[in-house]
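Visitor: quick one: sequence plus predicted model below, questions after.
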Amino acid sequence: NKLPNDSFSVENAIMLRRSNRWPLMIDPQGQANKWVKKMEEHNSLKVVKQNQGNFIRTLENAIQFGNPVLLENVPEQLDPILEPVLLKQVVMAGGVATIRLGDATVEYDKKFRLYITTKLRNPHYPPELCVKVNLLNFMATAEGLQDQMLGRVVAMEQQELELQRQQLIIEDAENQRQLKEIEDKILVLLKNAQGNILDDEVLIDTLADSKKTSNIIQDKVKIAEQTQVRIAKVRQGYVPVAFQSSQLFFCIADLAGVDPMYQFSLDAYVDLFNKSIDNSRVGSLDVPVNKRCEDINTEHTLSVYRYTCRGLFESHKLLFSLQLCIRIMEAQGNINQEEFTFFSIGAGMIDRVLQRKNPAEEWLPAIAWDNVTEIDKLAGFQGIVSAFEQMHRDWKLWYMSGKPEVENMPGDWSIKSS
């Protein structure tokens, strides 16, 4: 039903189905919305918003006739009229289940289901609401988005293969269901058998038929498993594309921390990803998978940069390009995390009692000396404090230079940095 198959999303789905409370799903990327609509499309799902004029009437009809309701895009406050529904305050009146909704009393059909979603990334719901609903976080995870992107790139590059994989998933679920039904049927017959079970012809015939059916299904399962292994091997070749594309999405999603105005849709990003795959097809179609992955990643990274920069202030474009570069280098394992953390936030808490004295207080600020003493603790930078103490005049010339990034560092530190 289009639910991402990472463990985080699967656990959310299990809690949604097993909980006694109606779910309130934090869903900024719309993944839970799509899943619920697909899952309930055959049950006459009613999709409403709190600010619609027919909201209450739609809810009343759904409760009365047992239709599922998806209440989407809710703010941080829910309409008080929903409280009896959230608390499931069902009352039996004259042998009929009823519920009070505002000023009206409505018959309550036990098939009724309520799903609530919000697009807010970090909503602050009051405690009195949290105890009435099953609060679930359906925000996209790196693992889940990577799997989705892998499915999309394989569907566009190896369409028949992806269709076969999806069909195998459906067939496998059906086979498992049939095996479970056979087992349950046998257990029921054995439980209800009277006298000597060897004399029960119906039971013996049923067991024989069940055995034949079970063997056929198990053979199908074995064939499907072998096919899935082959498909997984081909899909594995496209993992670098899926991995980088998922990283790039979270890179642009993080821009909301720079300015709340920067909000990017997952659907729009997926469309951009599909276009990047199409635009990267140049020349011969018979290209090795690893080269194809490089072409797609190159085209998609450039497309993401151009697409995103159209919506950024000029002052934030350089920050975004740095963030993009860092995210890609991190994904490729080309960044030392300790060094990058130090580069990002500098020295932390300093124990000045044990700190060595600043040898150049007249030109080197105290905060700069703090950074020097702390970076001395990182691998590859040991001894820089001693170098400052011994050659602080040379360090001053480098420090005062108009372009220190292109000047040689004092002593042999230029060799080390290179």
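Guide: Perfect, I can see it now.
Visitor: low-scoring pLDDT stretches of the stretch 151-300 of the chain, where are they?
Guide: 283-285 (pLDDT under 70).
Visitor: hey, where'd the helices end up in it?
Guide: Along the stretch 151-300 of the chain, counting by DSSP state H, counting those that start in this stretch, helices occupy 159-192, 201-236, 239-253, 266-279, 289-309.
Visitor: pull the distance from stretch 227-236 to the chain's centre.
Guide: Distance of stretch 227-236 from its chain centroid, counting by Cα atoms, centre = their mean, to the nearest Å, is 23 Å.
Visitor: give the buried residues for that stretch.
Guide: By neighbour count on 16 or more other Cβ atoms under 10 Å, the buried set for stretch 227-236 is 228, 231, 235. Yep, even glycine has a C-beta here, placed from its N, CA and C like the rest.
Visitor: skip the chain neighbours and tell me the closest residue to the first one.
Guide: Using Cβ to Cβ, 6 or more residues apart in numbering and skipping residues adjacent in sequence, the residue nearest residue 228 is residue 168, 5.9 Å away.
Visitor: now the second one
Guide: Excluding the flanking residues, the one nearest residue 231 by Cβ to Cβ, 6+ apart is residue 165, at 5.0 Å.
Visitor: closest one to residue 340 among the helices of the stretch 151-300 of the chain?
Guide: helix 239-253 (14.9 Å; Cβ to Cβ).
Visitor: elements contacting that closest one?
Guide: Contacts defined by 3 or more Cβ pairs under 8 Å, 6 or more residues apart in numbering; DSSP states H and E place helix 239-253 against helix 142-157, helix 266-279, helix 289-309, helix 314-331.
Visitor: please redo it, this time with the cut-off set to 7 Å
Guide: With contacts taken as 3 or more Cβ pairs under 7 Å, 6 or more residues apart in numbering; DSSP states H and E, helix 239-253 sits against helix 142-157, helix 289-309, helix 314-331.
Visitor: mean confidence score for the last one?
Guide: Per-region confidence: helix 314-331 scores 92 on mean pLDDT.
Visitor: tell me which residues in that helix are buried?
Guide: Within helix 314-331, the residues scored as buried using 16+ other Cβ under 10 Å are 316, 320, 323-324, 326-328, 331.
Visitor: got TSV for the helices and strands packed on helix 239-253, with distance to residue 367 too?
Guide: Formatted as TSV, the helices and strands packed on helix 239-253 follow (distance: least, Cβ to Cβ, whole Å):
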stretch	distance to residue 367
helix 142-157	35
helix 289-309	33
helix 314-331	22
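Visitor: so the residue nearest to residue 231 is in contact with residue 229, correct?
Guide: No - with contact defined as Cβ atoms under 7 Å, residue 165 does not reach residue 229; the gap is 11.4 Å.
Visitor: what about residue 47, which SS state?
Guide: strand (DSSP: H, G, I helix; E, B strand; the rest coil).
Visitor: residue 270 versus that one, what's the distance?
Guide: For residue 47, the distance to residue 270 equals 21 Å [Cβ to Cβ, to the nearest Å].
Visitor: show me where the stretch 1-150 of the chain has strands.
Guide: Per DSSP state E, counting those that start in this stretch, the stretch 1-150 of the chain carries strands over the ranges 23-26, 46-48, 68-71, 90-93, 96-101, 104-107, 113-118, 134-137.
Visitor: so what's the closest residue to residue 197 other than its chain neighbours up against?
Guide: Nearest-residue entry for residue 197: residue 203, 5.9 Å, with adjacent residues in sequence omitted and distances by Cβ to Cβ, 6+ apart. The neighbours of residue 203, taking Cβ atoms under 7 Å, 6 or more residues apart in numbering as the test, are 189, 193, 197.
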